[in-house]
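A.B. asks: Structure here, sequence nowhere to be found:
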Ligand code: UD1
């Protein structure tokens, strides 16, 4: 029997590993339990609202290994994951580890595995923002450079990896595991009561999420963020659901900016997966700096305004409903006017975002000689 360990660390990882776990279970039901698929949670995100609720919503089993890493500087977090994950690898001796996305746990676990001669598969490989000031960009480049199997979500990822000289046989265009989760759970998402819970049943509303250091670790940017949110809430008379990341709340509080938000802004704790996607699905538009939400809104064909200078997910702009407007919050206003007039681009769904990415990955892993 082959032993595979998938790593989850932070919130955006859970919805990528959930469909893989289901695909391995399906494979085993047909092929007589030939793969043991285990899950290691590093604990980079650790509280109920950033972690546990996702295991419940996505029907993930309790992790087989929990490393309890928690917060810290990048070096501390990465180093602690490596030390604890090495112990797991030495005792479990897996044939392959699977890492997803671009968080610190992704590079920490892949680096630990390759040094022990254990093969690594990277899901969501090849994405590049071109901005090396983003910690995630460094994590992506390094993880791809040491992985044995590179599973790619969009055409730009294939081009980036080829451009970096990655051998063709390592690269596989499989589609998007995060969209697998979205498609799988759509019927349950529809049943969410989040609109009643937030008293926005008949309201037109916007969803806002901001957590990138470039936006929320900077006092001026935080003030600009608040001004834009207040403009939308007051001038456009739209409710705004703003589920704030712990980093964002901490920084708004420290800057004394929490009091200045319009009454039309519903500031909440982080929201669980099913409820959050329901909110996105029915929103008038999205204001964000997230990576994953650019993809989820593209699949749902909801206009998204991304307040960043770069995106590692260009298909959401070229094909989907995403607008990348740069890092000045005021530059969102002309796009908001276009959306309010109904003149926004409608967007299409990128190739292979069809709910079957995890099945493709499991098939390729089985055919490959790496595990
Ligand atoms: C991380 C990822 C980022 C991803 C984001 C999604 C890296 C480098 N960054 O950023 O790619 O888009 O997650 O959420 O890996 N905190 C809590 N509770 C938690 C988790 C975090 O209070 O459950 C607090 C921590 O104390 C810390 C802050 O949030 O101060 C940031 O957490 P951290 O893991 O450092 O990075 P994120 O900003 O969440």
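C.D. replies: Great, that's in hand. What you are looking at is a predicted structure, and each value in this text was computed from that prediction instead of being measured. Numbering: from 1, shown residues only.
A.B. asks: Please make it C-alpha for all contacts and neighbour counts, starting now.
C.D. replies: Will do.
A.B. asks: Next up, the contacts around the residue in the chain positioned nearest to the ligand.
C.D. replies: Closest approach between the chain and the ligand, counting by Cα to the nearest ligand atom: residue 103, at 3.2 Å. By Cα atoms under 8 Å, 6 or more residues apart in numbering, the contact set of residue 103 is 9, 10, 136, 139.
A.B. asks: Which of the helices or strands spans the last one?
C.D. replies: Counting by DSSP states H and E, the element that carries residue 139 is helix 135-146.
A.B. asks: Do any residues in that helix lie close to the ligand?
C.D. replies: Yes: judged by Cα under 6 Å from any ligand atom, helix 135-146 and the ligand are in contact via 135, 136.
A.B. asks: cool, and stretch 6-24?
C.D. replies: Yes: legend: contact between stretch 6-24 and the ligand by Cα under 6 Å from any ligand atom is shown at 10, 11, 12.
A.B. asks: if we can go back for a sec, got the contact list for the helix holding residue 139?
C.D. replies: 101-104, 106-107, 110-111, 114, 120, 122, 125-132, 150, 166.
A.B. asks: ok, now stretch 305-316?
C.D. replies: 127-131, 154-156, 285-291, 294-295, 298, 322-329, 332, 335, 350.
A.B. asks: Residue 241 reaches residue 205, doesn't it?
C.D. replies: Yes: taking Cα atoms under 8 Å as the definition, residue 241 is a contact partner of residue 205 at 7.2 Å.
A.B. asks: Where strands are concerned, which of the contacts of helix 135-146 count?
C.D. replies: 120, 122, 125, 150 (DSSP state E).
A.B. asks: List buried residues within the residues you listed.
C.D. replies: Those of those that meet the buried threshold are 120, 122, 125, 150, by 16 or more other Cα atoms under 10 Å.
A.B. asks: Quick check: mean pLDDT of stretch 1-11?
C.D. replies: For stretch 1-11, mean pLDDT is 96.
A.B. asks: just how off-centre is the helix holding residue 139 within its chain?
C.D. replies: 15 Å (Cα atoms, centre = their mean, to the nearest Å).
A.B. asks: for stretch 364-371, same thing?
C.D. replies: Relative to its parent chain, stretch 364-371 has a centroid offset of 26 Å by Cα atoms, centre = their mean.
A.B. asks: Then stretch 261-273?
C.D. replies: 20 Å.
A.B. asks: One more: stretch 361-371?
C.D. replies: Centre-to-centre, stretch 361-371 and its host chain are 24 Å apart (Cα atoms, centre = their mean).
A.B. asks: Likewise for stretch 265-284?
C.D. replies: 15 Å.
A.B. asks: ok so, going back, report the buried members of the contacts of stretch 305-316.
C.D. replies: Buried among these by 16+ other Cα under 10 Å: 127-129, 154-156, 285-290, 294-295, 298, 322-327, 329, 332, 335, 350.
A.B. asks: Sort out which of the residues you listed are in helices and list them.
C.D. replies: Among the buried ones among the contacts of stretch 305-316, DSSP state H puts 155, 156, 294, 295, 298, 332, 335 in helices.
A.B. asks: where do the strands sit along the stretch 251-371 of the chain?
C.D. replies: 265-268, 285-288, 304-306, 322-324 (DSSP state E, counting those that start in this stretch).
A.B. asks: Would you mind pulling the contact partners of the last one?
C.D. replies: In other words, strand 322-324. With contact meaning Cα under 8 Å, 6+ apart, strand 322-324 is reached by 294, 297-298, 303-311, 316-317, 335.
A.B. asks: ditto for the second one
C.D. replies: Surrounding strand 285-288, the residues in contact under the criterion Cα under 8 Å, 6+ apart are 205-210, 280, 294, 297, 302-307, 339.
A.B. asks: can it be found next to the ligand?
C.D. replies: No: using Cα under 6 Å from any ligand atom, strand 285-288 never reaches the ligand; the gap is at least 11.3 Å.
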